[in-house]
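Novice: make a model of this:
(one chain, ligands or ions: 1)
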Amino acid sequence: MSQHPETKAIRIQTAQTGEKEHSTPLFLTSSFTYESAEEMAAAFADDTLDVNIYSRFSNPTVDEFIAKIAALEGAEDGIATGTGMAAVFGTFMTFLSKGDHIISASAVFGSTHTILTKYLPKWGIDYSYFNMNQPEDIEQLIRPNTKMLYVETPSNPGLDIIDLQYVADLCKKSNILFVVDNCFATPAVQQPISFGADLVLHSATKFIDGQGRVLGGVVVGRKELIQPLYLFIRNTGPSLSPFNAWILTKSLETLFIRMEKHADNSLKLAKALQNHPKLTSVKYPFLESHPQYEIAKKQMSNGGGILTFEIKGGIEGGRKFLNGLKLLSVTNNLGDSRTIAAHPASTTHSKLSAEERAAVGITPGLIRISTGLEHIEDILEDIEKALGEV
Ligand SMILES: Cc1ncc(COP(=O)(O)O)c(C=O)c1O
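Specialist: Down below sits the predicted model:
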């Protein structure tokens, strides 16, 4: 009988060492040794050999983390990186060359937007944006040199959602690589490969860590796609540290149970706030008022741990709200056991022009809540008190 994902997240583990440890060991070593000069030469001669050489290339603790994410996402293989941005950048650099074209949703994380609009054009790679709310526009953006289509769903921070099956079918028809940033949902909630995505990547810094401790990234997909990506990471060096991999692989043991609680608290919070007099709107994938509610229900097992609301009073209202919080953390990370409030217009997306922010739905009073695992009544009380001061 094949194991359930919840079991794989816990039971996939590095082979036990002679010490008979129960919890997974941490291989905090830069390099590995050989029995002979011939064995060492053989390890270097063949890039595809499954042998540990140096932790920039491979490490058992990092491999365990990759194996778990690949299993949970339904992928054949994967590669881990030092940050989520290294996963995004490594993917672009491996599969895009001078003269190529990438189509991306305009609603993407701020640094991804910077790579697409500031760096790729510098190297002769062209991009086109489409609005997540108008996926029917994608087809007319496809050119003969289009190599990749990139989305985040749900998007950060706008929580826009796109029909993965629809986009995957379009990409297959035109032989375009379909890449999904699955950071907001995690594989506990959504598996884009099952809808036809080619590569799935993550900022493991978020819900995968789950306690705001370490940075990390990962990309998973078919073996033939991971091999060139592995060579890019191996040779250019944005590898995941074994220590961070150990934190992340231990965190995966609780991913499913955490995501259920994050989502349960988020839905309760979204429902409690949806008619609040100080707010003009509340957005959460599993609220019926979400514009893509039906799609969310189809491809996600719950609504995830992030919700947003729009405070009346714009930028000043947003500031007053943050200043009124006593329990919630005011920080830009997300996916933590502690509830976090952030104000994207003045932080993560501050590098965008006002027009660019408006185009991706970041209004001056938009607050993003990453719902933690505290008691829902305590979270709600703090938010309601702070709203009272706006
Ligand atoms: C959706 C998404 N993708 C990528 C990243 C980048 O990840 P990292 O901060 O680990 O580089 C983030 C970070 O917030 C994110 O939210």
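
Novice: shouldn't residue 337 be in contact with residue 371?
Specialist: No - look at residue 337 against residue 371 with CB atoms under 8 Å: they stay out of range, at 10.3 Å. Bear in mind the C-beta positions are built from the backbone N, C-alpha and C, glycine included.

Novice: comparing the two, which residue is more hemmed in?
Specialist: Counting neighbours by other CB atoms under 10 Å for residue 337 and for residue 371 shows that residue 371 has the greater number, 29 against 14.

Novice: give the contact list for the more buried one.
Specialist: For residue 371, the contact set (CB atoms under 8 Å, 6 or more residues apart in numbering) comprises 262, 265-266, 269, 305-307, 339, 379.

Novice: what do you get if the cut-off is 10 Å, keeping everything else the same?
Specialist: 261-270, 284, 304-307, 328, 334-336, 338-340, 379 (CB atoms under 10 Å, 6 or more residues apart in numbering).

Novice: endpoints of stretch 190-202, how far apart?
Specialist: 12 Å (CA to CA, to the nearest Å).

Novice: hmm, stretch 172-192 in reach of the ligand?
Specialist: Yes - for stretch 172-192, a contact with the ligand is found by CB under 6 Å from any ligand atom, at 181, 183.

Novice: span of that stretch from start to end?
Specialist: 14 Å.

Novice: what do you get for stretch 180-188?
Specialist: By CA to CA, one end of stretch 180-188 lies 15 Å from the other end.

Novice: run the chain-centre distance for that stretch.
Specialist: 5 Å (CA atoms, centre = their mean, to the nearest Å).

Novice: could you do stretch 34-46 as well?
Specialist: That offset, for stretch 34-46, works out to 37 Å (CA atoms, centre = their mean).

Novice: residue 61 - that's part of a helix, no?
Specialist: Yes - assignment of residue 61 by DSSP: H, G, I helix; E, B strand; the rest coil places it within a helix.

Novice: could you check the pLDDT of it?
Specialist: At residue 61, the predicted lDDT confidence score is 98.

Novice: what does residue 157 give?
Specialist: 89.

Novice: what of residue 68?
Specialist: On pLDDT, residue 68 comes in at 98.

Novice: that older thread, give me the common contacts of residue 337 and residue 371.
Specialist: Common contacts of residue 337 and residue 371 (CB under 10 Å, 6+ apart): 261-262.

Novice: what about residue 46, neighbour count?
Specialist: Residue 46, neighbours per other CB under 10 Å, totals 9.

Novice: and what of residue 136?
Specialist: 10.

Novice: which among the contacts of residue 371 end up buried?
Specialist: When the contacts of residue 371 are checked for burial by 16 or more other CB atoms under 10 Å, the buried set is 261-267, 269-270, 284, 304-307, 328, 334-336, 338-340, 379.

Novice: ok so, going back, in strands, which of the contacts of residue 371 appear?
Specialist: Using DSSP state E, the members of the contacts of residue 371 that fall within strands are 306-307, 340.

Novice: so which of the contacts of residue 371 reach the ligand?
Specialist: Among the contacts of residue 371, the ligand is touched by none when using CB under 6 Å from any ligand atom.

Novice: quick check: residue 332 is in a helix.
Specialist: No - remark: residue 332 does not belong to a helix; assigned using three-state DSSP, it is coil.

Novice: pull the contacting residues for it.
Specialist: Contacts of residue 332 by CB under 10 Å, 6+ apart are 110, 340, 342-344, 347-348, 368, 370.
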